[in-house]
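Novice: sequence-free structure coming up:
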């Protein structure tokens, strides 16, 4: 069966029209939600934000702001941590500042996912996509290999330069991957008991207060294995809200 060129063109027009309509519709909902929030209707604003299909950092962050206005601090933190995964080079510092302030309010200064040692590299990694950084790394690696095997007379300082660039690119790739893939859980109960194994019968490893953030390492049944500072253990899923 041969599809006429005109029919193919019509299919493309309809496809891109649908995308444009969806984007325009999301923008309208976003503006409606924003108006509701400033009219002191955070619940309605939250419902509108969550109805947006394609959520970026602004939608996740504003949803968290609505939850904060509804006095749901743990849930707000979870949404802001989710906003970090969609953040841009410009928005990431703003989101991190909001997370830091809320965690200080909740007396939990141990920011598991917002590590000051990685903030510079995480932000820099947002200048390009992960695929672009990987392509740059492979290109520099090729040049480095060429210099080592086919340009033996090249000065050592050039080889050291390439080695440093490779190291920096590797760190940026790791930071970009860390930013996008790390999973964070926020304690949503007054206190969460962390146990040494995924069962109520096992001993307690530590206690985490409301609003504490922890890195989720794995899931087993109704339990998350988490890391909070030096405490590693298992917490019941019902006790935490996960940054989606």
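Specialist: Yes, it's here. These numbers come from a predicted model, not from an experiment.
Novice: So residue 226: helix, strand or coil?
Specialist: Under the three-state scheme (DSSP: H, G, I helix; E, B strand; the rest coil), residue 226 adopts strand.
Novice: what's it in contact with, if anything?
Specialist: Counting by CB atoms under 8 Å, 6 or more residues apart in numbering, residue 226 makes contact with 185, 194, 214-217, 232-235, 240. For the C-beta atoms, the positions are set from N, CA and C on the backbone; glycine is no exception.
Novice: Please name the residues that touch the residue most central in space within the chain.
Specialist: Centroid-nearest residue in the chain: residue 85, 2.1 Å away (criterion: CA atoms, centre = their mean). Residue 85 makes contact with 179-180, 243, according to CB under 8 Å, 6+ apart.
Novice: ok, now residue 73?
Specialist: Residues near residue 73 by CB under 8 Å, 6+ apart: 67, 102, 105-106, 210-211.
Novice: any idea which of those residues has the most stuff around it?
Specialist: residue 67 (23 neighbours; other CB atoms under 10 Å).
Novice: immediately after the one helix or strand in the chain whose mean pLDDT sits lowest, which helix or strand?
Specialist: Within the chain, no helix or strand scores below helix 5-38, which has a mean of 65 by mean pLDDT, DSSP states H and E. Remark: after helix 5-38, the chain's next helix or strand is helix 42-50, criterion DSSP states H and E.
Novice: What is that following helix packed up against?
Specialist: The contact analysis (3 or more CB pairs under 8 Å, 6 or more residues apart in numbering; DSSP states H and E) places helix 42-50 against helix 5-38, helix 57-69.
Novice: pLDDT averaged over the lengthiest strand in the chain, what's the number?
Specialist: Ranked by residue count, the top strand of the chain under DSSP state E comes out as strand 213-220. For strand 213-220, mean pLDDT is 91.
Novice: Tell me which other helices or strands it touches.
Specialist: Judged by 3+ CB pairs under 8 Å, 6+ apart, strand 213-220 is in contact with strand 184-187, strand 223-228, strand 231-236.
Novice: Out of these, which is the most enclosed?
Specialist: Of all the helices and strands packed on strand 213-220, strand 184-187 has the most neighbours on average by mean count of other CB atoms under 10 Å, namely a mean of 27.
Novice: chain center to that one, what's the gap?
Specialist: Distance of strand 184-187 from the chain centroid (CA atoms, centre = their mean, to the nearest Å) equals 13 Å.
Novice: Any buried residues in the following helix or strand past that strand, and which?
Specialist: Sequence-wise, the next helix or strand downstream of strand 184-187 (DSSP H and E) is strand 191-195. Across strand 191-195, burial judged by 16 or more other CB atoms under 10 Å covers 192-195.
Novice: Kind regards, and thank you for your time.
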